[in-house]
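J.: Quick check, what structure comes out for this input:
(one chain, ligands or ions: 1)
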Amino acid sequence: MPVDPMQPGPSAEELFARALAVTPGGVHSPVRALAAVGGRPFFTRRAQGAFLEDSDGRRLLDFCMAFGPLVLGHAHPQVAAAASSALADGWSYGTAEPYSLELAEFIAARLPWAESIRFVNSGTEAVMSALRLARGITGRERLLKFEGCYHGHADAMLIRAGSGLAGSGVADSAGVPAAVAADTVVAPLDDVAALEDCFARHGPRLAAAIIEPLPANHGLLPQRPEFLQRLRELCSCHGSLLIFDEVISGFRVGFGGMAAATGIRPDLVTWGKIIGGGFPVGAFAGPRELMARLAPLGRVYQAGTLSANPLAMRAGLATLQLLESGDIHRQLEALGARLEARVHALGLHFARVGSLFWLPGGQARPGVLRSAAQGDAGLGTRYALLFRRLLDAGIYLPPSPMEIGFLSAAHTAADIDHLGDALAAADAERD
Ligand SMILES: *Cc1c(COP(=O)(O)O)cnc(C)c1O
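T.: So this is what the prediction gives:
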(Lines give C-alpha, C1' and ligand atoms only; values in the text may rest on other atoms or scores of the structure.)
Protein backbone atom coordinates (compact mmCIF):
# COMPACT_ATOMS: atom_id res chain seq x y z
CA MET A 1 0.00 0.00 0.00
CA PRO A 2 1.40 3.45 -0.82
CA VAL A 3 2.39 5.55 2.15
CA ASP A 4 -0.09 8.33 2.83
CA PRO A 5 2.01 11.43 2.19
CA MET A 6 0.17 13.37 4.88
CA GLN A 7 0.80 10.83 7.62
CA PRO A 8 3.95 11.37 9.64
CA GLY A 9 6.38 8.58 8.79
CA PRO A 10 9.18 7.11 10.87
CA SER A 11 11.50 9.68 12.45
CA ALA A 12 14.84 10.57 10.88
CA GLU A 13 16.54 8.88 13.80
CA GLU A 14 14.78 5.61 13.08
CA LEU A 15 15.34 5.88 9.33
CA PHE A 16 19.04 6.53 9.83
CA ALA A 17 19.41 3.55 12.16
CA ARG A 18 17.77 1.35 9.52
CA ALA A 19 19.84 2.87 6.71
CA LEU A 20 23.06 2.19 8.62
CA ALA A 21 22.13 -1.49 8.72
CA VAL A 22 21.77 -1.85 4.95
CA THR A 23 24.00 0.87 3.46
CA PRO A 24 27.60 1.93 4.22
CA GLY A 25 27.32 5.00 6.41
CA GLY A 26 23.59 5.04 5.74
CA VAL A 27 23.98 7.03 2.52
CA HIS A 28 24.68 6.52 -1.18
CA SER A 29 27.07 9.45 -1.57
CA PRO A 30 29.36 10.39 1.33
CA VAL A 31 28.57 14.09 1.79
CA ARG A 32 24.91 13.20 2.47
CA ALA A 33 25.94 11.73 5.84
CA LEU A 34 26.44 15.33 7.08
CA ALA A 35 29.62 14.20 8.86
CA ALA A 36 31.44 17.43 7.93
CA VAL A 37 28.94 19.41 9.99
CA GLY A 38 28.81 16.93 12.83
CA GLY A 39 25.26 15.82 12.35
CA ARG A 40 23.17 12.88 11.27
CA PRO A 41 21.18 13.20 8.07
CA PHE A 42 17.59 14.30 7.81
CA PHE A 43 15.48 12.36 5.30
CA THR A 44 13.80 14.31 2.53
CA ARG A 45 10.40 12.94 1.57
CA ARG A 46 9.52 15.44 -1.13
CA ALA A 47 10.61 18.76 -2.51
CA GLN A 48 8.93 21.62 -4.28
CA GLY A 49 10.29 24.94 -5.53
CA ALA A 50 12.96 26.16 -3.10
CA PHE A 51 11.89 23.83 -0.28
CA LEU A 52 12.59 20.34 0.97
CA GLU A 53 10.16 18.57 3.26
CA ASP A 54 11.70 16.03 5.59
CA SER A 55 10.40 12.92 7.31
CA ASP A 56 9.67 14.90 10.45
CA GLY A 57 7.38 17.17 8.43
CA ARG A 58 9.82 20.08 8.55
CA ARG A 59 10.01 22.48 5.59
CA LEU A 60 13.58 23.52 4.82
CA LEU A 61 14.57 26.41 2.57
CA ASP A 62 17.12 24.69 0.35
CA PHE A 63 20.37 26.39 -0.72
CA CYS A 64 22.04 23.16 -1.76
CA MET A 65 19.59 22.25 -4.53
CA ALA A 66 20.83 18.70 -5.06
CA PHE A 67 24.38 20.07 -5.53
CA GLY A 68 23.62 21.93 -8.71
CA PRO A 69 21.25 20.23 -11.16
CA LEU A 70 18.09 22.04 -10.08
CA VAL A 71 18.67 25.49 -11.55
CA LEU A 72 14.89 25.86 -11.94
CA GLY A 73 14.10 24.61 -8.43
CA HIS A 74 12.58 21.34 -7.25
CA ALA A 75 9.77 19.75 -9.27
CA HIS A 76 9.52 22.58 -11.79
CA PRO A 77 6.14 22.15 -13.54
CA GLN A 78 7.49 22.25 -17.10
CA VAL A 79 10.24 19.75 -16.33
CA ALA A 80 7.74 17.57 -14.48
CA ALA A 81 5.41 17.68 -17.50
CA ALA A 82 8.24 16.66 -19.85
CA ALA A 83 9.23 13.80 -17.54
CA SER A 84 5.62 12.63 -17.11
CA SER A 85 4.97 12.47 -20.81
CA ALA A 86 8.29 10.65 -21.19
CA LEU A 87 7.18 8.09 -18.59
CA ALA A 88 3.97 7.46 -20.48
CA ASP A 89 6.03 6.54 -23.54
CA GLY A 90 8.17 3.95 -21.75
CA TRP A 91 11.52 4.74 -20.17
CA SER A 92 14.27 2.75 -21.80
CA TYR A 93 14.48 1.43 -25.33
CA GLY A 94 18.01 0.28 -26.03
CA THR A 95 17.55 1.65 -29.55
CA ALA A 96 18.13 4.95 -31.26
CA GLU A 97 15.39 7.44 -30.29
CA PRO A 98 14.58 11.04 -31.21
CA TYR A 99 14.86 12.58 -27.70
CA SER A 100 18.65 12.57 -27.36
CA LEU A 101 18.78 13.80 -30.96
CA GLU A 102 16.60 16.79 -30.06
CA LEU A 103 18.70 17.62 -27.01
CA ALA A 104 21.99 17.23 -28.91
CA GLU A 105 20.73 19.41 -31.78
CA PHE A 106 19.49 22.03 -29.34
CA ILE A 107 22.91 22.28 -27.73
CA ALA A 108 25.04 21.93 -30.87
CA ALA A 109 23.07 24.68 -32.63
CA ARG A 110 23.95 27.10 -29.82
CA LEU A 111 27.44 26.07 -28.71
CA PRO A 112 29.73 25.73 -31.72
CA TRP A 113 32.47 23.98 -29.71
CA ALA A 114 30.05 21.12 -29.07
CA GLU A 115 29.42 19.92 -32.62
CA SER A 116 29.08 16.29 -31.64
CA ILE A 117 27.73 15.07 -28.30
CA ARG A 118 27.48 11.77 -26.52
CA PHE A 119 25.20 11.26 -23.52
CA VAL A 120 26.13 9.07 -20.55
CA ASN A 121 24.70 8.62 -17.04
CA SER A 122 26.79 10.80 -14.72
CA GLY A 123 29.43 13.49 -14.64
CA THR A 124 31.97 10.89 -13.54
CA GLU A 125 31.23 8.79 -16.59
CA ALA A 126 31.46 11.83 -18.88
CA VAL A 127 34.91 12.70 -17.51
CA MET A 128 36.13 9.11 -17.62
CA SER A 129 35.02 8.79 -21.25
CA ALA A 130 36.47 12.15 -22.33
CA LEU A 131 39.82 11.19 -20.79
CA ARG A 132 39.86 7.85 -22.60
CA LEU A 133 39.00 9.63 -25.83
CA ALA A 134 41.86 12.11 -25.30
CA ARG A 135 44.27 9.25 -24.66
CA GLY A 136 43.00 7.38 -27.72
CA ILE A 137 43.35 10.42 -29.96
CA THR A 138 46.81 11.48 -28.81
CA GLY A 139 48.28 8.04 -28.12
CA ARG A 140 49.62 9.52 -24.86
CA GLU A 141 48.90 8.35 -21.31
CA ARG A 142 49.59 11.19 -18.94
CA LEU A 143 46.89 13.58 -17.65
CA LEU A 144 47.11 16.96 -15.98
CA LYS A 145 44.61 18.05 -13.36
CA PHE A 146 44.56 20.87 -10.82
CA GLU A 147 44.65 20.80 -7.05
CA GLY A 148 41.21 21.74 -5.71
CA CYS A 149 39.29 20.65 -8.82
CA TYR A 150 36.91 17.69 -8.65
CA HIS A 151 36.07 15.61 -11.67
CA GLY A 152 34.04 12.76 -10.22
CA HIS A 153 35.41 9.51 -8.89
CA ALA A 154 37.18 7.80 -11.80
CA ASP A 155 40.51 6.35 -10.58
CA ALA A 156 42.64 8.73 -12.64
CA MET A 157 40.93 11.76 -11.07
CA LEU A 158 41.05 10.71 -7.39
CA ILE A 159 44.55 12.06 -7.22
CA ARG A 160 46.07 14.86 -5.20
CA ALA A 161 49.36 16.64 -5.48
CA GLY A 162 52.39 14.70 -4.31
CA SER A 163 55.40 16.46 -2.85
CA GLY A 164 56.81 19.22 -5.02
CA LEU A 165 54.89 21.42 -7.42
CA ALA A 166 53.40 20.03 -10.60
CA GLY A 167 54.71 16.52 -10.07
CA SER A 168 53.06 13.12 -10.39
CA GLY A 169 50.12 12.79 -8.06
CA VAL A 170 49.34 10.35 -5.26
CA ALA A 171 46.09 8.48 -4.80
CA ASP A 172 43.46 10.31 -2.76
CA SER A 173 41.49 7.12 -2.13
CA ALA A 174 42.37 3.60 -1.16
CA GLY A 175 41.92 1.27 -4.09
CA VAL A 176 43.48 3.55 -6.70
CA PRO A 177 46.56 1.81 -8.11
CA ALA A 178 49.87 3.65 -7.73
CA ALA A 179 50.44 3.08 -11.45
CA VAL A 180 47.27 5.06 -12.21
CA ALA A 181 48.29 7.85 -9.84
CA ALA A 182 51.69 8.04 -11.51
CA ASP A 183 50.05 9.00 -14.81
CA THR A 184 48.14 11.94 -13.34
CA VAL A 185 50.13 15.12 -12.86
CA VAL A 186 48.66 17.63 -10.40
CA ALA A 187 49.36 21.35 -10.66
CA PRO A 188 48.20 24.23 -8.45
CA LEU A 189 45.49 26.60 -9.70
CA ASP A 190 46.30 30.24 -10.44
CA ASP A 191 50.04 29.68 -10.85
CA VAL A 192 51.30 30.34 -14.37
CA ALA A 193 54.94 29.60 -13.51
CA ALA A 194 54.05 26.16 -12.11
CA LEU A 195 51.89 25.52 -15.17
CA GLU A 196 54.71 26.37 -17.54
CA ASP A 197 57.10 24.22 -15.55
CA CYS A 198 54.63 21.38 -15.70
CA PHE A 199 54.32 21.55 -19.48
CA ALA A 200 58.09 21.89 -19.83
CA ARG A 201 58.46 18.61 -17.95
CA HIS A 202 55.42 16.63 -19.05
CA GLY A 203 54.04 18.43 -22.12
CA PRO A 204 55.09 15.93 -24.81
CA ARG A 205 53.51 13.09 -22.83
CA LEU A 206 50.27 14.81 -21.79
CA ALA A 207 47.14 13.47 -23.47
CA ALA A 208 44.97 16.09 -21.83
CA ALA A 209 44.69 18.79 -19.25
CA ILE A 210 41.35 18.83 -17.45
CA ILE A 211 40.11 21.75 -15.40
CA GLU A 212 36.93 23.10 -13.91
CA PRO A 213 37.09 26.50 -15.63
CA LEU A 214 35.21 27.77 -12.58
CA PRO A 215 36.47 25.53 -9.76
CA ALA A 216 33.45 24.97 -7.52
CA ASN A 217 34.20 21.83 -5.54
CA HIS A 218 36.70 23.16 -3.01
CA GLY A 219 34.82 26.29 -2.22
CA LEU A 220 34.54 28.63 -5.19
CA LEU A 221 37.93 29.53 -6.68
CA PRO A 222 37.40 31.80 -9.71
CA GLN A 223 40.39 31.72 -12.06
CA ARG A 224 41.96 34.69 -13.81
CA PRO A 225 41.18 34.55 -17.55
CA GLU A 226 44.96 34.84 -18.18
CA PHE A 227 45.54 31.57 -16.37
CA LEU A 228 42.94 29.71 -18.43
CA GLN A 229 44.25 31.39 -21.59
CA ARG A 230 47.82 30.29 -20.83
CA LEU A 231 46.58 26.75 -20.23
CA ARG A 232 44.82 26.87 -23.61
CA GLU A 233 48.05 28.02 -25.31
CA LEU A 234 50.23 25.43 -23.61
CA CYS A 235 47.84 22.62 -24.55
CA SER A 236 47.77 23.74 -28.19
CA CYS A 237 51.52 24.15 -28.27
CA HIS A 238 52.16 20.64 -26.88
CA GLY A 239 49.39 18.82 -28.74
CA SER A 240 47.51 18.03 -25.52
CA LEU A 241 43.72 18.28 -25.49
CA LEU A 242 42.12 20.82 -23.18
CA ILE A 243 39.04 19.48 -21.41
CA PHE A 244 36.71 21.92 -19.69
CA ASP A 245 34.80 20.07 -16.99
CA GLU A 246 31.60 22.12 -17.00
CA VAL A 247 29.54 19.61 -15.04
CA ILE A 248 28.68 22.39 -12.57
CA SER A 249 29.33 25.56 -14.58
CA GLY A 250 27.66 24.43 -17.82
CA PHE A 251 24.30 26.16 -18.39
CA ARG A 252 24.68 27.60 -14.87
CA VAL A 253 26.94 30.65 -15.27
CA GLY A 254 25.12 31.30 -18.53
CA PHE A 255 23.78 29.04 -21.25
CA GLY A 256 27.25 28.56 -22.77
CA GLY A 257 28.98 27.96 -19.43
CA MET A 258 32.53 29.17 -18.87
CA ALA A 259 33.59 28.51 -22.48
CA ALA A 260 31.15 31.22 -23.55
CA ALA A 261 31.84 33.47 -20.55
CA THR A 262 35.62 33.51 -21.15
CA GLY A 263 35.70 33.04 -24.91
CA ILE A 264 38.27 30.29 -24.33
CA ARG A 265 37.49 27.18 -26.34
CA PRO A 266 38.23 23.74 -24.95
CA ASP A 267 38.83 20.76 -27.23
CA LEU A 268 36.38 18.64 -25.28
CA VAL A 269 33.75 19.62 -22.74
CA THR A 270 32.00 17.53 -20.10
CA TRP A 271 28.54 18.21 -18.72
CA GLY A 272 26.24 16.73 -16.10
CA LYS A 273 23.87 18.06 -13.44
CA ILE A 274 21.72 20.71 -15.22
CA ILE A 275 21.85 18.99 -18.60
CA GLY A 276 19.45 16.29 -17.37
CA GLY A 277 17.13 18.62 -15.48
CA GLY A 278 17.89 16.72 -12.26
CA PHE A 279 17.67 13.20 -13.71
CA PRO A 280 20.79 11.02 -13.87
CA VAL A 281 22.88 12.17 -16.81
CA GLY A 282 26.23 13.24 -18.13
CA ALA A 283 27.54 14.23 -21.55
CA PHE A 284 30.75 14.97 -23.35
CA ALA A 285 31.20 16.85 -26.58
CA GLY A 286 33.66 18.30 -29.01
CA PRO A 287 34.42 18.79 -32.70
CA ARG A 288 33.02 16.11 -35.03
CA GLU A 289 36.49 14.94 -36.08
CA LEU A 290 37.54 14.26 -32.47
CA MET A 291 34.26 12.65 -31.40
CA ALA A 292 34.40 10.43 -34.50
CA ARG A 293 37.22 8.54 -32.81
CA LEU A 294 34.60 6.95 -30.53
CA ALA A 295 32.93 3.60 -31.20
CA PRO A 296 31.10 2.74 -33.42
CA LEU A 297 33.10 4.97 -35.84
CA GLY A 298 36.46 4.85 -34.12
CA ARG A 299 38.58 2.64 -31.93
CA VAL A 300 37.92 4.32 -28.58
CA TYR A 301 35.28 2.20 -26.87
CA GLN A 302 32.48 3.74 -24.83
CA ALA A 303 28.96 2.45 -24.23
CA GLY A 304 26.00 2.42 -21.81
CA THR A 305 22.85 0.31 -21.42
CA LEU A 306 20.92 3.24 -19.95
CA SER A 307 22.77 6.06 -21.74
CA ALA A 308 20.65 8.89 -23.16
CA ASN A 309 17.76 7.81 -20.97
CA PRO A 310 14.62 9.34 -22.53
CA LEU A 311 13.35 10.72 -19.20
CA ALA A 312 16.59 12.57 -18.62
CA MET A 313 16.76 13.71 -22.24
CA ARG A 314 13.27 15.18 -22.22
CA ALA A 315 13.65 16.75 -18.77
CA GLY A 316 17.02 18.14 -19.87
CA LEU A 317 15.60 19.66 -23.04
CA ALA A 318 12.71 21.26 -21.13
CA THR A 319 15.25 22.75 -18.72
CA LEU A 320 17.60 24.09 -21.39
CA GLN A 321 14.69 25.57 -23.36
CA LEU A 322 13.74 27.58 -20.30
CA LEU A 323 17.34 28.73 -19.81
CA GLU A 324 18.01 29.72 -23.39
CA SER A 325 16.76 33.32 -23.36
CA GLY A 326 19.05 34.31 -20.50
CA ASP A 327 16.17 35.78 -18.46
CA ILE A 328 16.60 33.19 -15.73
CA HIS A 329 20.34 33.83 -15.56
CA ARG A 330 19.65 37.55 -15.16
CA GLN A 331 17.12 36.82 -12.42
CA LEU A 332 19.66 34.56 -10.66
CA GLU A 333 22.36 37.23 -10.91
CA ALA A 334 20.04 39.73 -9.20
CA LEU A 335 19.27 37.25 -6.41
CA GLY A 336 22.96 36.48 -6.01
CA ALA A 337 23.83 40.18 -5.78
CA ARG A 338 21.17 40.61 -3.10
CA LEU A 339 22.64 37.78 -1.06
CA GLU A 340 26.15 39.13 -1.56
CA ALA A 341 25.17 42.53 -0.18
CA ARG A 342 23.61 40.94 2.91
CA VAL A 343 26.60 38.71 3.62
CA HIS A 344 29.16 41.46 3.05
CA ALA A 345 27.38 43.61 5.62
CA LEU A 346 27.96 40.80 8.14
CA GLY A 347 31.69 40.63 7.41
CA LEU A 348 31.58 36.94 6.55
CA HIS A 349 33.74 35.41 3.87
CA PHE A 350 31.81 35.10 0.64
CA ALA A 351 32.56 34.32 -2.97
CA ARG A 352 30.01 34.31 -5.75
CA VAL A 353 29.67 33.91 -9.48
CA GLY A 354 26.05 34.31 -10.61
CA SER A 355 23.98 31.75 -8.73
CA LEU A 356 26.92 29.84 -7.25
CA PHE A 357 28.07 31.01 -3.87
CA TRP A 358 30.56 30.00 -1.23
CA LEU A 359 29.89 30.86 2.39
CA PRO A 360 32.40 28.88 4.47
CA GLY A 361 31.47 30.58 7.72
CA GLY A 362 34.74 32.38 8.47
CA GLN A 363 35.46 36.08 8.61
CA ALA A 364 35.89 37.92 5.31
CA ARG A 365 39.43 37.97 3.99
CA PRO A 366 40.74 40.52 1.55
CA GLY A 367 40.91 39.57 -2.09
CA VAL A 368 39.61 36.59 -4.00
CA LEU A 369 40.75 33.07 -3.15
CA ARG A 370 41.92 31.41 -6.34
CA SER A 371 43.76 28.30 -5.24
CA ALA A 372 43.09 25.37 -2.95
CA ALA A 373 46.16 26.07 -0.81
CA GLN A 374 45.06 29.64 -0.05
CA GLY A 375 41.60 28.50 0.96
CA ASP A 376 42.65 25.91 3.48
CA ALA A 377 43.84 28.15 6.28
CA GLY A 378 41.21 29.03 8.83
CA LEU A 379 38.07 29.03 6.72
CA GLY A 380 35.41 26.55 7.62
CA THR A 381 36.26 26.19 11.29
CA ARG A 382 32.97 27.73 12.38
CA TYR A 383 30.90 26.25 9.64
CA ALA A 384 29.41 23.32 11.54
CA LEU A 385 27.93 25.67 14.11
CA LEU A 386 26.57 28.00 11.45
CA PHE A 387 25.11 25.06 9.54
CA ARG A 388 23.29 23.74 12.61
CA ARG A 389 21.95 27.13 13.66
CA LEU A 390 20.56 27.68 10.20
CA LEU A 391 19.07 24.20 10.06
CA ASP A 392 17.30 24.95 13.33
CA ALA A 393 15.94 28.08 11.64
CA GLY A 394 14.62 25.98 8.73
CA ILE A 395 17.41 26.69 6.25
CA TYR A 396 19.51 24.01 4.61
CA LEU A 397 23.01 25.17 3.62
CA PRO A 398 25.48 22.86 1.83
CA PRO A 399 26.56 20.21 4.35
CA SER A 400 30.28 21.00 4.21
CA PRO A 401 32.30 24.22 4.28
CA MET A 402 33.95 23.16 1.01
CA GLU A 403 30.66 22.64 -0.83
CA ILE A 404 29.19 25.65 -2.54
CA GLY A 405 25.59 26.83 -2.38
CA PHE A 406 23.20 27.20 -5.30
CA LEU A 407 20.40 29.61 -6.04
CA SER A 408 17.56 28.56 -8.30
CA ALA A 409 14.79 30.25 -10.23
CA ALA A 410 12.45 29.10 -7.47
CA HIS A 411 14.17 31.29 -4.85
CA THR A 412 12.66 34.69 -4.22
CA ALA A 413 14.05 37.93 -2.85
CA ALA A 414 12.16 37.11 0.36
CA ASP A 415 13.99 33.77 0.58
CA ILE A 416 17.31 35.59 0.24
CA ASP A 417 16.29 38.03 2.97
CA HIS A 418 15.25 35.13 5.16
CA LEU A 419 18.73 33.64 4.76
CA GLY A 420 20.31 37.04 5.40
CA ASP A 421 18.29 37.49 8.61
CA ALA A 422 19.12 33.98 9.81
CA LEU A 423 22.83 34.54 9.15
CA ALA A 424 22.68 37.80 11.08
CA ALA A 425 20.94 36.09 13.99
CA ALA A 426 23.45 33.22 14.00
CA ASP A 427 26.28 35.74 13.89
CA ALA A 428 24.86 37.75 16.78
CA GLU A 429 24.50 34.58 18.87
CA ARG A 430 28.13 33.72 18.24
CA ASP A 431 29.53 37.03 19.51
C1 LIG B 1 29.54 16.79 -9.79
C2 LIG B 1 30.78 16.88 -10.62
C3 LIG B 1 31.32 15.76 -11.30
C4 LIG B 1 30.79 14.38 -11.09
O5 LIG B 1 29.48 14.24 -11.53
P6 LIG B 1 28.61 13.00 -10.94
O7 LIG B 1 27.33 13.09 -11.71
O8 LIG B 1 28.48 13.26 -9.48
O9 LIG B 1 29.38 11.76 -11.24
C10 LIG B 1 32.38 15.96 -12.14
N11 LIG B 1 32.92 17.17 -12.32
C12 LIG B 1 32.45 18.26 -11.69
C13 LIG B 1 33.06 19.59 -11.95
C14 LIG B 1 31.38 18.14 -10.81
O15 LIG B 1 30.95 19.22 -10.14
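J.: all contacts plus neighbour counts: C-alpha atoms, from now on.
T.: Noted.
J.: what does the stretch 251-400 of the chain have sitting close to the ligand?
T.: Proximity of the stretch 251-400 of the chain to the ligand (C-alpha under 6 Å from any ligand atom) is limited to residues G272.
J.: which stretches of the stretch 251-400 of the chain aren't confidently modelled?
T.: Within the stretch 251-400 of the chain, the segments meeting pLDDT under 70 span 375-377.
J.: can you tell me the residue of it closest to the ligand?
T.: In the stretch 251-400 of the chain, the residue that lies nearest the ligand is G272 (5.8 Å; C-alpha to the nearest ligand atom).
J.: all strands for the stretch 1-150 of the chain, in order.
T.: Counting by DSSP state E, counting those that start in this stretch, the stretch 1-150 of the chain has these strands, from start to end: 44-48, 51-54, 59-62, 116-120, 142-146.
J.: what's the distance between the second one and the middle of its chain?
T.: Just to be clear, that refers to strand 51-54. Once both centres are worked out by C-alpha atoms, centre = their mean, to the nearest Å, strand 51-54 turns out to sit 22 Å from its chain's centre.
J.: The third one too?
T.: A distance of 21 Å separates the C-alpha centroid of strand 59-62 from that of its chain, computed with C-alpha atoms, centre = their mean.
J.: The residue of the stretch 251-400 of the chain closest to the ligand is in contact with V281, isn't it?
T.: Yes - under the criterion of C-alpha atoms under 8 Å, G272 makes contact with V281 at 5.7 Å.
J.: Now the common contact residues for these two.
T.: Listed as contacting both G272 and V281 by C-alpha atoms under 8 Å, 6 or more residues apart in numbering are S122, G123.
J.: Can you give me the pLDDT of the residue most central in space within the chain?
T.: Relative to the mean C-alpha position of the chain, the nearest C-alpha, by C-alpha atoms, centre = their mean, is the one of I248, at 3.3 Å. Per-residue pLDDT puts I248 at 98.
J.: Please give me every residue in contact with it.
T.: G68, P69, A216, W271, G272, K273, I274.
J.: and if you look at A12?
T.: Counting by C-alpha under 8 Å, 6+ apart, A12 has contacts P41, F42, F43, S55, D56.
J.: Out of the residues you listed, which is nearest to P225?
T.: P41 (38.9 Å; C-alpha to C-alpha).
J.: how about a markdown table for the strands of the stretch 1-150 of the chain, with mean pLDDT and mean neighbour count added?
T.: Formatted as a markdown table, those follow (pLDDT from 0 to 100; neighbours: other C-alpha atoms under 10 Å):
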| stretch | mean pLDDT | mean neighbour count |
| --- | --- | --- |
| strand 44-48 | 97 | 15 |
| strand 51-54 | 97 | 21 |
| strand 59-62 | 98 | 23 |
| strand 116-120 | 98 | 24 |
| strand 142-146 | 98 | 26 |
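J.: of all those strands, which lies closest to the ligand?
T.: It's strand 116-120; of those, that one is closest to the ligand (C-alpha to the nearest ligand atom) at 9.8 Å.
J.: I'd like to know which elements that closest one is packed against.
T.: Applying 3 or more C-alpha pairs under 8 Å, 6 or more residues apart in numbering; DSSP states H and E, we find strand 116-120 packed against helix 98-108, strand 282-286, helix 288-291.
J.: so which of the ones you listed is the most packed in?
T.: Most buried of these, by mean neighbour count (mean count of other C-alpha atoms under 10 Å): strand 282-286, with a mean of 27.
J.: Residues contacting that one, please?
T.: The contact list for strand 282-286, computed with C-alpha under 8 Å, 6+ apart, reads 113-127, 129-130, 247, 267-273, 275-276, 291.
J.: next one: stretch 341-356
T.: 220, 252-253, 329, 332-333, 335-337, 340, 357-365, 368, 404-408, 417, 420, 423-424, 427.
J.: May I have the distance across that stretch, first residue to last?
T.: Using C-alpha to C-alpha, to the nearest Å, the end-to-end distance of stretch 341-356 comes out at 15 Å.
J.: ok so, going back, could you dump the strands of the stretch 1-150 of the chain into a markdown table with distance to A17 added?
T.: Formatted as a markdown table, those follow (distance: least, C-alpha to C-alpha, whole Å):
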| stretch | distance to A17 |
| --- | --- |
| strand 44-48 | 15 |
| strand 51-54 | 16 |
| strand 59-62 | 22 |
| strand 116-120 | 34 |
| strand 142-146 | 38 |
